[in-house]
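Colleague: Provided below are the primary sequence and the corresponding predicted coordinates.
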Amino acid sequence: LALGESAEVARAIKEQYLPTGEESALPSTMLSAIVAMSMKVDTLIGMFSIGEIPTGSRDPFALRRAVNGIIKIAVAHQIPLNFSTLIDQLSSLYPQSKEYKKNVETFVIERLAGAYVGVNPSIIQSIVAKETHVELDVLEIDRKIRAVSSITSSESFIEAFSTFKRVSNILKDEAMDKGFSVNESLFENNAERNLYSAATSAISVSYETLEERLDALFALKAPLDNFFDNVMVNAEDLSVRANRKALVGMIYAEIYSIADIKNITL
């Protein structure tokens, strides 16, 4: 201020190290937030790019706190941030040590539990560390963590969990991101037809929140239970078998796009 800088710039300089701890305040303006995030990202990627990775309790550059701070600031100010994309965009500015991008991603995933104190860690893992890819879009992760945490605390989820766990076991050898095509002409009884009708209705709706979408998908428990009671999934006819797997697959794929719930421990 004495040098004639604006109050906004002075505040950003003052708040550049925030947050300084678990209960610390966050940067109060968008400029302050971007300055604080930029410093933390620079420290994080810079240290990892030269192999300075925290081990055990050793963290001389406070990289764990930096990641927590980046996540909290991004969520509080709704700043779009995808760690994987960001690392690629900044790669030319830093030395390229072996597997440093993968190391940063793994470190961020491990630190998410620190940014979401009180959230079941298995919920976080079910969202970010899927078999086919790692998801590190901070705002999207935040939406999903809040939605799944809300749903899993309800009695209806606990009742539905075993049914959907059974679905995931049936699909354990299937790639969940491949897309599932169902042939209605191969249906042999009403349990299949009713499940397909209920599933397509639930999937086709545009929901305002992820919680509403998950509620609708888990409400398919009843037709799924009826399906399992009246249908042999592993039919002798391979076409019928594949079609039945595709039917339950189209349902689980919708849930999988939010969280791989088989990895959640209640």
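Modeller: The structure has been received and is ready for your questions.

Colleague: any idea which element the residue sitting nearest the centre point of the chain lies in?
Modeller: In the chain, the centroid-proximal residue (Cα atoms, centre = their mean) is Ile127; its distance is 3.1 Å. Secondary structure assignment for Ile127, by DSSP states H and E: helix 121-128.

Colleague: and the next element down the chain from that helix?
Modeller: Using DSSP H and E, the first helix or strand after helix 121-128 is helix 138-152.

Colleague: ok, then the element right after that following helix?
Modeller: Following helix 138-152 toward the C-terminus (DSSP H and E): helix 155-170.

Colleague: other residues contacting that next one?
Modeller: Outside of helix 155-170, the residues within contact range by Cβ atoms under 8 Å, 6 or more residues apart in numbering are 151, 215, 218-219, 221, 224-225, 228, 233, 245, 248, 251-252, 255, 260-262, 264, 266. Backbone N, C-alpha and C define where each C-beta goes, glycine included.

Colleague: same question, stretch 74-82
Modeller: 26-27, 30, 33-34, 37, 70, 73, 136-139, 142.

Colleague: how does it look with 7 Å?
Modeller: Leu26, Met30, Ala33, Met37, Leu136, Asp137, Val138, Leu139, Asp142 (Cβ atoms under 7 Å, 6 or more residues apart in numbering).

Colleague: which of those residues ranks first by neighbour count?
Modeller: Within the contacts of stretch 74-82, most neighbours by other Cβ atoms under 10 Å means Val138, with 24 neighbours.

Colleague: re the thing from before, tell me what angle the helix holding Ile127 forms with helix 138-152.
Modeller: In terms of direction (axes from the mean of the first three to the mean of the last three Cα atoms, to 10 degrees), helix 121-128 departs from helix 138-152 by 130 degrees.

Colleague: tell me which residues of helix 121-128 are tucked away?
Modeller: Neighbour-count burial for helix 121-128, with 16 or more other Cβ atoms under 10 Å as criterion, is recorded at Ser122, Ile123, Ile124, Gln125, Ser126, Ile127, Val128.

Colleague: likewise stretch 112-119?
Modeller: Result for stretch 112-119 [16+ other Cβ under 10 Å]: buried residues Leu112, Ala113, Ala115, Tyr116, Val119.

Colleague: among those residues, which one sits closest to Gln96?
Modeller: Leu112 (25.4 Å; Cβ to Cβ).

Colleague: next one: phi and psi at that closest one?
Modeller: phi -60, psi -40 (degrees, to the nearest 10).

Colleague: what's the burial count for Asn183?
Modeller: 12.

Colleague: grab the nearest non-local neighbour of it.
Modeller: Using Cβ to Cβ, 6 or more residues apart in numbering and skipping the chain neighbours, the partner closest in space to Asn183 is Asn243 (5.3 Å).

Colleague: got a list of what the one you found touches?
Modeller: Val182, Asn183, Leu186.

Colleague: so who does the last one touch?
Modeller: By Cβ under 7 Å, 6+ apart, Leu186 lies in contact with Ser239, Val240, Asn243.

Colleague: how much space between the nearest residue to the second one once chain neighbours are set aside and Ser197?
Modeller: Meaning Val240. The shortest distance from Val240 to any non-neighbouring residue, by Cβ to Cβ, 6+ apart, is to Leu186 (5.5 Å). For Leu186, the distance to Ser197 (Cβ to Cβ, to the nearest Å) stands at 15 Å.

Colleague: just Gln78 next, same as before
Modeller: Taking Cβ to Cβ, one finds Gln78 at 38 Å from Ser197.

Colleague: before we move on, what about Tyr252?
Modeller: 17 Å.

Colleague: likewise Leu266?
Modeller: Leu266 is 30 Å from Ser197, by Cβ to Cβ.

Colleague: I'd say Val148 and Ile124 touch.
Modeller: No - look at Val148 against Ile124 with Cβ atoms under 7 Å: they stay out of range, at 9.0 Å.

Colleague: farthest-separated two in the contacts of stretch 74-82?
Modeller: So for the contacts of stretch 74-82, where distance means Cβ to Cβ, the most widely separated pair is Met30 and Leu136, at 22.0 Å.
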